[in-house]
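>>> Quick one: sequence plus predicted model below, questions after.
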Amino acid sequence: MRMSASDPQQAMTVDPRYRVLLDAAVAVVEQATVQAVVHSLRRVLSSITALHGADLYLLSEDRKTLQLIAFDRVLDGPSISLGTTLPNAGIAAQVIEQQKPIYVPDISEVMRTYQALAPFAESVGARSSYLFPVSTSRKQYGVVAFTKMQGQECSPQDLELMGSLALHVAVSLETALATARAENYQRELARERDRLQLLLDINNQVISKLDVHEFFRSASALIRKHFGSDFSAFWVLEKDSRQLQQVVMDFPGGKGFLEDIVPADLSDGFYERLRTRHAETWSKFEIDQLPAHAAQTLRSEGISSVAAASLITTAGEPLGLLCVGRVKPEPYGQQDLDILSQIGIQISLALDNALAYGRLHASADRLQQERLYLESEINSEYNFEDIVGKSAALKRVLDQVAIVASTDSTVLLHGETGTGKELVARAIHNLSTRSQRTFVRLNCAAIPSGLVESELFGHEKGAFTGALAQKQGRFELANGGTLFLDEIGDISLELQPKLLRALQEQEFERLGSNRTIHVNVRLIAATHRDLPTMIRNNQFREDLYYRLNVFPIEIPPLRDRREDIPLLVHYFVSRLSRRMQKPIRTIPKRAMESLVNAPWPGNIRELENFIERCVILTQGEELKVPVPELRTSPGRTVAPKSTFEQAEREVILSALKGASGRLSGSGGAAERLGMKRTTLQNKMRKLNIRKEDYSA
């Protein structure tokens, strides 16, 4: 509008409106928020027209809805809440599409067409409204509604002023939204910076940590600092199983760093949840579903909110779990879960490396232990190096060895001392699928009973006086291979239950440790004792005997395989003469006959030692055999064909058969043997004589 300086009356007419527009522009500029801008509009416009309210509705990005983002109303105005959403339809849609203001004579009628506003239509009363588009040259933002008393229409000049104010609102809204986007972007940049800094710190701290425990401590401190958590934890699965191998929890404000937590098996459902790379939050109900010890520890520390991310290997297999938790019941947001997932990926790589290093280190220690053990075995003197013989008795043993070798079944070798039980055990191992792994032996009779448990299962440093370092037991050394327990009948009754459990469950604990060690060991046991008799005398556990006696093999004494003696003599002479560098080529026939007919109560061990003495005495090419030493002397008795118990058993059976099974009375077995009936019954129980042994 143009004004002439010569028309002061006209200047006086328009000047107040320009002043209002100027005041509105200043008010808009001075306000920090859109809500404050809307509030200032009603105050500014009150000087020229009476307004009951001003409401600003923002158009959604998909242009389908309008949302109330700011308002300023009189005290008796309708209590419509911020955030109320309306469909972009009806009069509001017309204002936006036509970009022209629309006058609404009765605002209550329009409100009834919108479901969200209909409940407030009655409280509006007799009011009208002017709806103006809120738009700039760049974008359409929505609608602003100015509410007045019904019937008080605005003049064209007032409408023009309101339109200008709507434009000011649009500019203010555009500025506010741009500022909000800039602030959000700045916050996103700050979060991204913090995320990258955290990942960098974790990378710098843990990438060089090859020890798992150092890795856990370093990573735990960084993660708790970033999330402001009261608790962090790492759960590591045992390789190729669903059991928790290691559980580490860190409560800096409570119990501290806990790493000696008893492992547990995971349920199928929980194990499947570990396969996903997505982080998740746990409720108190889900915390209660954790393994008992972990759930109890979290409850005792007051942890009420937990976020967890799976640790996955590069091959996609579950490696473990990373957890953080808070005492306050403040749930973790999606951004926290996203960062935790990214941390989980990085930690998975570092943890996989640390565990691989641990396995390599353990493997190196194991190889070192095996090397030392094998060196001691090589340096020790075996009874013999190979099985020598062709007798029928020996052939039966070798046939049984061939049958059982390919299985992993437990074998019990029974025979007199010196018959070569260890050699048979080695033959079983060498013919089995475990031949590439270690054959570990332990003579239970050669070690004090108090140290047998330590030798079998190992011990931790400080487990007992003299335990200056950690030691692996024979079960660990034999993992994947064969363990040979010689003289199993000499093991104490106190240790027998532990041995039984180790055989049945293939697991045990070292002395001084509560960590269960799982192994895969095949057992071969040997004894010269009569284990059934020891069971009757409460010297050996019956259940352990049944566990050992899966496949019994009886090793014949040398007197039952005399046709093998010439072969054994030539074998020992050949080996010993080379070792002593003596050119022995012949053995006298008379000497060989004496050797074959000798009783040899010490079996092959006695024969070998006697031949060694012969080689020492020999000066020429013919073996010198001190034959008189082989003859029975007054101070030496020939070993009987059977033991005393066997002879006693045969005598009693003969008497029972002669008495037709009668124990007492005239002509009864007791009378025939010259003993009391009760004495005979006791001997029958001791010798395990049953009715079917002497009945027809």
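Alright, I've got the coordinates.

>>> Can you give me the distance of Asp693 to Leu687?
For Asp693, the distance to Leu687 equals 10 Å [C-beta to C-beta, to the nearest Å]. Just so you know, the C-beta spots here come from the backbone N, C-alpha and C atoms, and that holds for glycine as well.

>>> And Val306, by the same measure?
Distance, Val306 to Leu687, by C-beta to C-beta: 68 Å.

>>> neighbour-wise, which of those two wins?
Val306 (23 against 18; other C-beta atoms under 10 Å).

>>> Just confirm the more buried one is within a strand.
Yes - assessed with DSSP: H, G, I helix; E, B strand; the rest coil, Val306 lies in a strand.

>>> so Lys691 touches Gly661, yeah?
Yes - assessed by C-beta atoms under 8 Å, Lys691 is found in contact with Gly661 at 7.1 Å.

>>> okay, those two: which has more neighbours?
Taking other C-beta under 10 Å, Lys691 and Gly661 do not tie; Gly661 has more neighbours (13 against 9).

>>> from what I can see Pro557 touches Asn603, true?
Yes - assessed by C-beta under 8 Å, Pro557 is found in contact with Asn603 at 5.5 Å.

>>> Mutual contacts of the two, please.
Glu416, Thr419 (C-beta atoms under 8 Å, 6 or more residues apart in numbering).

>>> okay, now Glu692: neighbour count?
7.

>>> chain center to the helix or strand encompassing it: distance?
Per DSSP states H and E: Glu692 is located in helix 691-694. Distance, stretch centre to chain centre, for helix 691-694: 57 Å (C-alpha atoms, centre = their mean, to the nearest Å).

>>> quick one on the thing from earlier: so for Pro557 and Asn603, which sits in the more crowded spot?
Shown here are Pro557 and Asn603; by other C-beta under 10 Å, Asn603 has more neighbours (24 against 21).

>>> contacting residues around the closest residue to that one other than its chain neighbours?
Distance criterion C-beta to C-beta, 6 or more residues apart in numbering; nearest residue to Asn603, sequence neighbours excluded, is Gly418 at 3.6 Å. The contact partners of Gly418, by C-beta under 8 Å, 6+ apart, come to Asn383, Leu558, Gly602, Asn603, Ile604, Arg605, Glu606.

>>> Now render those residues as TSV, adding pLDDT.
Shown next, in TSV, are the contacts of Gly418 (pLDDT from 0 to 100):
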residue	pLDDT
Asn383	36
Leu558	91
Gly602	89
Asn603	91
Ile604	90
Arg605	89
Glu606	91
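
>>> Inside helices: which ones of those residues?
Judged by DSSP state H, the contacts of Gly418 include Asn603, Ile604, Arg605, Glu606 as members of helices.

>>> so which of the residues you listed comes closest to Ser432?
Ile604 (23.6 Å; C-beta to C-beta).

>>> give me the number of residues near the closest one?
By the other C-beta under 10 Å criterion, the neighbourhood of Ile604 contains 26 residues.

>>> Domain-wise, how is the protein divided?
According to automatic domain parsing, the chain comprises the domains 8-180, 207-358, 387-554, 558-630, 644-694.

>>> any idea which of the ones you listed scores lowest on pLDDT?
Of all the domains of the chain, mean pLDDT reaches its minimum on domain 207-358 (a mean of 73).
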